[in-house]
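[1] Have a look at this prediction, sequence included:
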Number of protein chains: 2
Amino acid sequence: MFRLHSRAVSLTVVGSIAFDSVRTPFGERERMLGGSAVHFALAASFFTDVRVVGPVGDDFGPGEIDVLAGRGVGTEDIERVEGGQTFFWRGHYDHDMNVAHTDDTQLNVFADFEPKLSAGSRGSDMLFLGNIQPDLQRDVREQSEAEWAALDSMNLWIETTRDPLVAAIGEVDCVLLNDAELRMLTEEPNLARAARSTMELGPSVVVAKRGEYGAVLFIEEGAFAIPGLPLEDVRDPTGAGDSFAGGFLGYLDSARSGGGHDEEALRRAMAYGSVMASFNVEDFGTERVRALDEADVHARLEEFKRLTHFEPVPA
Amino acid sequence: MFRLHSRAVSLTVVGSIAFDSVRTPFGERERMLGGSAVHFALAASFFTDVRVVGPVGDDFGPGEIDVLAGRGVGTEDIERVEGGQTFFWRGHYDHDMNVAHTDDTQLNVFADFEPKLSAGSRGSDMLFLGNIQPDLQRDVREQSEAEWAALDSMNLWIETTRDPLVAAIGEVDCVLLNDAELRMLTEEPNLARAARSTMELGPSVVVAKRGEYGAVLFIEEGAFAIPGLPLEDVRDPTGAGDSFAGGFLGYLDSARSGGGHDEEALRRAMAYGSVMASFNVEDFGTERVRALDEADVHARLEEFKRLTHFEPVPA
C-alpha cells in the first residue's frame, strides 16, 4: 500500500455490505461479497486507512471478513445482527452493461440498521456516506468528527425522500451521483447547470459519474472530465461507482493538507477513481480489485494518462 | 484562417447541402442553411482549403453560397439542379439533446444525385465522404485521387445497404461513426471490440462519436478519448458530428506529412474536432461556427486542455 503522507489519515465509510448474485453475458456468480461499503473500502484501501460501518447477518463469515482485513480495512464497526441475514441483491445485465436489471432485493438486517460509530470511526478525518436512506446519512454525519464528508445516493431516495436528501447534501462537502441522478435531483436537463444547482445546496465539489463514459468533476474554478477506459473485457459492472468513489476519496484522504483540497489533487483523485472503477468491471464482484497490487494501480494510472493526453501545439 | 503548412493541401467533402427547420427547448428556426457537407466544410475551413460537392435546387441562393465562400470554402462543385428543391430536414429535440426526432425529410434534388468531381476536387489530397448512400460514396472514392479518405454513415445504411457500406469502408482509411452505429455495424456490443472489428474491414483509424460524452479514437497503437465540454448552453446539436469531422480532418489535412498521420497529430485532431463540435451546439445551425475567428478556436482548444489535464505524480 502506498501512502503519500506519513501523518495519520483515515476514512470511514457507511453503507451496504451485501451478498450479490449477478448474471451478465459473460457468466454468473451466486452470493458474492458485495455492497457499496465493501467495493468502496477495497478500492480506498490502496491509498489510506479505511473503516467500514454497516450491518451483516449470521451468514457473513470469517471468509468475508478476511477479504476486507486482508486489504487492511478496519472491520471493527461491522455490526453482526444475531439471527439476521445479510443484505442480498440479485440482478443481471444484458449487452448494454450500463443498465442493471434488479431481480430481487432483500434488505434483511439493513431494514433496521441504526449506524453506531465507534470512537475510532468517529475520529476519521474523512467520511463517505454510501447510498443509504438520507436520514441515516445525516445521523452518521452528526456522529462523525470528519473535517470533510461526501455522499452518494440514488433515484429511489430522490423520488421518495427528497427533502431529507437535500438536507443531507447540505451537510457534506462533496456529492457523487450518476449524471442522470444529478439531473433528476435538480430537475435540470443540462449537466453543467445541474452540477451548479447541486453546489448551491452546499457542497463545493460535485462529481457526475457516467458509467463507461467516465466522470466529470465540478468545482467553483471549473470542470475536469475524464473518459472511461475503452476495455475489451467488461465482465460485471456491479460496484464500479463505489470503486470510483473509493479511489477518489481514498486518494484525496492520502493527499490532503488542511481542510481543503487543491485542484491538482482533485484531478488526480478523479483519475485514481477511474483506475479503480476500470479494474472493478474487469471481473465479477470484488475478484479483480482484491487481487491487485500497487504496481497494477500505478500502471493503470499511466494508461489513463496515455488515453487522455494531447499537446495543443506540435512539439 | 491559420494554416500550419504553406504547401498546397486541400480537402474535398461530398455530402448533403440542406435547409433545416429545427425546434429545441431553446427556440426554433425555419429553413436554416445546413447539411453534413456544409457543417463539415465550415468547421474544416479554419484549418485547410475545403471544396464542397453536392446538389442544391433553385431555392439555394447567393446568400447561402456567400456563407460558404465567406469562409473560403470552394463552391465550384455545388451543382444547381434547375427546377429542383434543396434537400430539406425538419426535426426537434426534447430535453435529452442527444436524441434528434425527425419530423420530415424531403430528399428533393438529393434523390437523383450523381456526384461528379471537377478536376480540382479530384485532385484534393484528402477526401471526406459524408453520410450518403454507400454506393455513391464508392463512386466518389473511385473518382478521387486523394491519398487519404474518411467516411461517415448512419443506421439507415447499416440496416438497408450493409454490403455496399462494408465495401465502401474497405476503401477508406478512416471511419467516423456514432458509437451505437459502430456497435450495430459490427454486431459487437463492446465498443473497443466494435472498433477493432471495423479496422479489420480496412480502415486504420476508427473514431467513435459519443455526442455530449465526447469521442474515442482507435488506432493500432491504442486509444485516445476526449470528453465533451460540459456546456451550460446547448441550443441546437444539429450538425455537431459533421463539425467534429470537419475539425478533425481539416486539422489532419493541415498537419499531414506524406501518406500517413502520426499519433500526436491524430490526438490533436480529435481535440480540434471536439472544439468545432462544441461551438456548433452553442447556437442554431451554422450561426456560431460562421461567426468564429482564429482566436476563438485557439482559446477553446486550451479550454479542452484544461478540462482533461492531470498530472499522475504531484508536482
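    Structure received.
[2] which bits of the stretch 151-300 of chain A sit near chain B?
    Residues of the stretch 151-300 of chain A lying close to chain B (Cβ under 8 Å from any Cβ of the partner chain) are A:189-193, A:195-196, A:210, A:212-214, A:216, A:218, A:222-228, A:230-234, A:255, A:264-265, A:267-268, A:270-271. Quick note: C-beta positions are derived from backbone N, CA and C, even for glycine.
[3] Which of these fall in helices?
    A:Leu191, A:Ala192, A:Arg193, A:Ala195, A:Arg196, A:Ala255, A:Glu264, A:Ala265, A:Arg267, A:Arg268, A:Met270, A:Ala271 (DSSP state H).
[4] Now rank those by neighbours and give me the top one.
    A:Ala195 (29 neighbours; other Cβ atoms under 10 Å in any protein chain shown).
[5] so it touches A:Phe218, yeah?
    Yes - with contact defined as Cβ atoms under 8 Å, A:Ala195 reaches A:Phe218; the gap is 3.8 Å.
[6] who touches both of the two?
    A:Val206, A:Ala208, B:Pro230 (Cβ atoms under 8 Å, 6 or more residues apart in numbering or on different chains).
[7] The second one bridge partners, please.
    By that I understand A:Ala208. A:Leu177, A:Val216 (DSSP bridges).
[8] List the contacts of it.
    Neighbours of A:Ala208 in contact, by Cβ under 8 Å, 6+ apart: A:Leu177, A:Asn178, A:Asp179, A:Leu182, A:Leu191, A:Ala194, A:Ala195, A:Ala215, A:Val216, A:Phe218.
[9] Hmm, A:Arg210 and the third one touching each other?
    Yes - under the contact definition of Cβ under 8 Å, A:Asp179 touches A:Arg210, with a separation of 5.2 Å.
[10] Can you lay out the shared contacts of A:Ala195 and A:Phe218 as CSV showing pLDDT and distance to A:Val38?
    Output for these, formatted as CSV (pLDDT from 0 to 100; distance: Cβ to Cβ, whole Å):
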residue, pLDDT, distance to A:Val38
A:Val206, 98, 25
A:Ala208, 98, 23
B:Pro230, 97, 31
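[11] Tabulate those (a markdown table), appending distance to B:Glu142.
    A markdown table is the format used below for the shared contacts of A:Ala195 and A:Phe218 (distance: Cβ to Cβ, whole Å):
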| residue | distance to B:Glu142 |
| --- | --- |
| A:Val206 | 52 |
| A:Ala208 | 46 |
| B:Pro230 | 42 |
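[12] which one of these is nearest B:Gly34?
    B:Pro230 (25.1 Å; Cβ to Cβ).
[13] And the closest one, how close does it get to B:Glu28?
    Counting by Cβ to Cβ, to the nearest Å, the gap from B:Pro230 to B:Glu28 is 25 Å.
[14] The two: which is more packed in?
    Taking neighbours as other Cβ under 10 Å, B:Pro230 and B:Glu28 compare with B:Pro230 leading, 24 against 12.
[15] ok, the more buried one touching A:Ala223?
    Yes - at 5.0 Å, B:Pro230 counts as touching A:Ala223 under the criterion of Cβ under 8 Å.
[16] Give me the residue at the spatial middle of chain A.
    A:Asp242 (2.7 Å; Cα atoms, centre = their mean).
[17] Could I get the contacting residues of it?
    A:Gly15, A:Ser36, A:Ala37, A:Val38, A:His39, A:Phe40, A:Ala43, A:Gly130, A:Asp152.
[18] for A:Ala269, same thing?
    A:Gly247, A:Phe248, A:Leu249, A:Tyr251, A:Leu252, A:Ala255, A:His261.
[19] hmm, try it at 7 Å
    Contacts for A:Ala269 (Cβ atoms under 7 Å, 6 or more residues apart in numbering or on different chains) come out as A:Phe248, A:Tyr251, A:Leu252.
[20] same deal with A:Met199?
    A:Val206, A:Phe218.
[21] any idea how far chain B is from A:Thr286?
    For A:Thr286, the distance to chain B equals 22 Å [Cβ to the nearest Cβ, to the nearest Å].
[22] ok, that residue to A:Arg235 distance?
    Counting by Cβ to Cβ, the gap from A:Thr286 to A:Arg235 is 12 Å.
[23] quick one, which of these two is more surrounded?
    Remark: of A:Thr286 and A:Arg235, A:Thr286 carries more neighbours, 25 against 21, as counted by other Cβ under 10 Å.
[24] Would you map the helices across the stretch 101-250 of chain A?
    A:119-122, A:134-143, A:155-160, A:162-169, A:179-186, A:191-199, A:240-255 (DSSP state H, counting those that start in this stretch).
[25] burial count for the nearest residue to A:Ala100 once chain neighbours are set aside?
    Excluding the flanking residues, the one nearest A:Ala100 by Cβ to Cβ, 6 or more residues apart in numbering or on different chains is A:Gly91, at 5.2 Å. Other residues near A:Gly91 come to 16 when the count uses other Cβ under 10 Å.
[26] quick one, what contacts A:Gly91?
    A:Val22, A:Ala100, A:His101, A:Thr102, A:Asp103.
[27] related to what we said a few turns ago, ok, now how distant is the residue nearest to the centre of chain A from A:Gly130?
    Counting by Cβ to Cβ, the gap from A:Asp242 to A:Gly130 is 7 Å.
[28] Now do the shared contacts for those two.
    Shared contacts of A:Asp242 and A:Gly130, counting by Cβ under 7 Å, 6+ apart, come down to A:Ser36, A:Phe40.
[29] Need phi/psi at the closest residue in space to A:Gly70 that isn't next to it in sequence.
    With sequence-adjacent residues excluded and distances taken as Cβ to Cβ, 6+ apart, A:Gly70 is closest to A:Arg290, at 7.3 Å. Dihedral angles of A:Arg290 (phi, psi; degrees, to the nearest 10) stand at phi -70, psi -20.
[30] and A:Arg290, how many neighbours does it have?
    Using other Cβ under 10 Å, A:Arg290 is surrounded by 17 other residues.
[31] Test my guess that it contacts A:Leu68.
    No - contact criterion Cβ atoms under 7 Å: A:Arg290 and A:Leu68 do not qualify, at 9.2 Å.
[32] State the pLDDT value of the residue nearest to A:Ala100.
    On the pLDDT scale, A:Gly91 is placed at 96.
[33] same thing with the one 4 residues further on?
    Model confidence at A:His95, given as pLDDT, is 84.
[34] Does it fall in a helix, a strand, or a coil region?
    Using DSSP: H, G, I helix; E, B strand; the rest coil, the three-state assignment for A:His95 comes out as coil.
[35] so what's A:Ala180 up against?
    With Cβ under 7 Å, 6+ apart, A:Ala180 has no contacts at all.
[36] mind checking how far it is from A:Trp157?
    14 Å.
[37] Likewise for A:Glu181?
    Taking Cβ to Cβ, one finds A:Glu181 at 9 Å from A:Trp157.
[38] Report the spatially closest residue to A:Asp242, excluding sequence-adjacent ones.
    A:His39 (3.6 Å).
[39] what do you get for A:Glu188?
    Distance criterion Cβ to Cβ, 6+ apart; nearest residue to A:Glu188, sequence neighbours excluded, is A:Ala194 at 4.2 Å.
[40] do the same with A:His95
    B:Pro189 (3.7 Å).
[41] and the residue nearest to the centre of chain A, what pLDDT?
    97.
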